[in-house]
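Student: Dropping a prediction and its sequence here:
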Amino acid sequence: MLAVDPGASVASIAAEAGVDRRTVYRRFAAREDLLAAIYDARLTAIERAVEDARLREAPVAVALHRYVENIIAVNRDWPVDLTRMLTDDTVHARRDASIAEVDAFLHRATTEGLLRPGQPEGWAGALLPQLMHLVSRTMPDLSPAQAADVVVDTLLRGLGTH
């Protein structure tokens, strides 16, 4: 619900969940506490996705596909935008740590020849999340593995014929 309407009220969230608003307030003292719990769950899922991909030790092609597949699943399970919570220093630090891990992996992927060198600094790191976000939202009929195939193929080969 919050992905569609970030301003959704606790009453409407409770109604969608099939519970009374008081039930939500027993667990979360304020709407901000509910949002913090949701963002924490999304960040935890992202951290697990990064860890599961074994970006430092798995072969780069395997790690890339596993990471993309995992993040597509996270995007679909937790379709909320973290930018609303980035004023929280802890959230920001956790997000930055995940980004640093992926950036180091993308550097490794370039060094090991999976990605073409000579691209503008940070280009792959900026493009990859956009591709994952796009496929997560526009291709819901694809499994995360199939969607990862599309993203990885697009990242590695582009859309051109040469």
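Tutor: Sure thing, it's come through.
Student: Please, which helix or strand holds the residue in the chain sticking out farthest from the centre?
Tutor: Taking CA atoms, centre = their mean, the residue of the chain most remote from its mean C-alpha position is Arg22, at 31.2 Å. Per DSSP states H and E: Arg22 is located in helix 21-27.
Student: burial of Phe105, as a residue count?
Tutor: 23 (other CB atoms under 10 Å). In short, each C-beta sits where N, CA and C put it, glycine included.
Student: no, scratch that, I was asking about Val150
Tutor: Val150 has 16 neighbouring residues, counting by other CB under 10 Å.
Student: Is it in contact with Thr138, as I believe?
Tutor: No: Val150 is not in contact with Thr138 according to CB atoms under 8 Å; the separation is 10.1 Å.
Student: And the residue farthest from the centre of the chain, how close does it get to Leu34?
Tutor: Separation of Arg22 from Leu34 (CB to CB, to the nearest Å) stands at 13 Å.
Student: just Ala145 next, same as before
Tutor: 32 Å.
Student: Check Asp40 too.
Tutor: In this view, Asp40 and Leu34 are 11 Å apart by CB to CB.
Student: More neighbours: which of the two?
Tutor: Leu34 (18 against 15).
Student: Which pLDDT value goes with that one?
Tutor: For Leu34, the model assigns a pLDDT of 85.
Student: Thank you, goodbye.
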